[in-house]
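Enquirer: below are the sequence and a predicted model; questions follow.
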Amino acid sequence: MKKNIAIIMGGYSSEYEISIKSGNVVHQYLDKTIYAPYRIIITDKKWVYLDEDNIETPVNKSNFSIKVEGEAIHFDCIFNAIHGTPGEDGLLQAYFELLQIPQTSCGHYQAALTFNKRDLLSALKPYGILCAQSFYLNLGDPINADTIVDKVGLPCFVKANRAGSSFGISKVYEKKNLNKAISNAFKEDNEVIIESFLDGTEVSVGVITYKNQIKVLPITEIVSENDFFDYEAKYQGKSQEITPARISKEQEERVVKWAEYIYKTLGLKGYTRSEFIFIKDEPYLLEVNTTPGLTKESILPQQAKAAGISLKELFGSAIEETLR
């Protein structure tokens, strides 16, 4: 009998459209001889099943089930394709843990920790993982540009603390532009992280559990046509994503070691993608994504392809590892 798989997509954040694309790619490539996939759209206004004719059926939130032609459908596994809240920050992970329904991403604590850039970097620094100099602001805090620049220097990056896909991020060259960048970041989150600029080679390292083994995928080098790897660069073709990355053997060994170490130390599972910048041969951690993009333009599927893993195998393995 086929396993019922709910592919959850959408979410409450600016990453909604990207998540819909990711979820539809999963739905397209999931092996339908083994699985019965159901597209579930989650927004702050409704949770619905979207059938092949784009007809919506409400989800019963008390047990996360749906009714199709009068028959109750319960799910064997949740495939999490939601980027941002509530799919990447631990809220839905906790919900499914309470309902005892397996889901493909990491646990609720790990999701909350990794989604919070400030907390993640603070948690990993004692393990010897390098990261940029940073300054924190919460909404309502007094903003002293001199104090910020004294700590992180210029240029610097102003980021929403809990947001993805480069929403709420600005590169600031002059002190007079800090306030505008901070206001932009506060549109996405009420917490902000301001980081020193790291001038080096940027790489993305995918780590997954595949065939019951932790596997580091081929590394991708990011070369943005824009000033940094922003939304246009990520999703509108304004970058080169070179897999395998043009880095030395020593650099590769170091970044692979740290990416795998982070995965194991934090107790992650499913797909992850860690972003680093090399300063000489040392990798500096930027962030860890626990529900990375799965669109055809996204980095993780490119890395899987380079490793000889098809999308059907990639998506099927996530489910089988979860059910294991």
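Expert: Here it is on my side, so go on.
Enquirer: please identify the helix or strand for residue 24.
Expert: helix 16-29 (DSSP states H and E).
Enquirer: ok, and what's touching that helix?
Expert: Helix 16-29 is contacted from outside by 7-11, 37, 39, 41, 43, 79, 81-84, 87, 165, 235, 293-296, 298, 301, 310-312, 315, using Cβ atoms under 8 Å, 6 or more residues apart in numbering. The way it works is simple: take the backbone N, C-alpha and C, and place the C-beta from them, glycine included.
Enquirer: among the residues you listed, name the buried ones.
Expert: 7-11, 37, 39, 41, 79, 81-84, 87, 165, 235, 293-295, 298, 301, 311, 315 (16 or more other Cβ atoms under 10 Å).
Enquirer: surely residue 157 and residue 173 touch.
Expert: No. Checked against Cβ atoms under 8 Å, the pair residue 157 and residue 173 is beyond contact range at 11.0 Å.
Enquirer: circling back: next one: the helix holding residue 24 to chain centre, how far?
Expert: Centroid separation between helix 16-29 and its chain, computed with Cα atoms, centre = their mean, to the nearest Å, is 14 Å.
Enquirer: partner strands of the helix or strand that comes right after it and their direction?
Expert: Downstream of helix 16-29, the next assigned helix or strand under DSSP H and E is strand 35-42. Next to strand 35-42 in the sheet, as set by DSSP bridges, lie strand 3-10 (parallel), strand 47-50 (antiparallel).
Enquirer: ok, back up a step: pLDDT on the helix holding residue 24, on average?
Expert: Across helix 16-29, pLDDT averages out at 97.
Enquirer: what does stretch 88-105 give?
Expert: 98.
Enquirer: how far does it stretch from start to finish?
Expert: Terminal residues of stretch 88-105 are spaced 8 Å apart (Cα to Cα, to the nearest Å).
Enquirer: buried sites along it?
Expert: 88-96, 101, 103-105.
Enquirer: ok, now which ones touch residue 12?
Expert: Residue 12 neighbours (Cβ under 8 Å, 6+ apart): 43-44, 84-86.
Enquirer: residue 222 contacts residue 239, correct?
Expert: Yes. Between residue 222 and residue 239 there is a contact under Cβ under 8 Å: 6.2 Å.
Enquirer: what angle do the one helix or strand residue 300 maps to and helix 16-29 make?
Expert: Per DSSP H and E: residue 300 is located in helix 299-306. Taking axes from the mean of the first three to the mean of the last three Cα atoms, to 10 degrees, helix 299-306 and helix 16-29 form an angle of 30 degrees between their directions.
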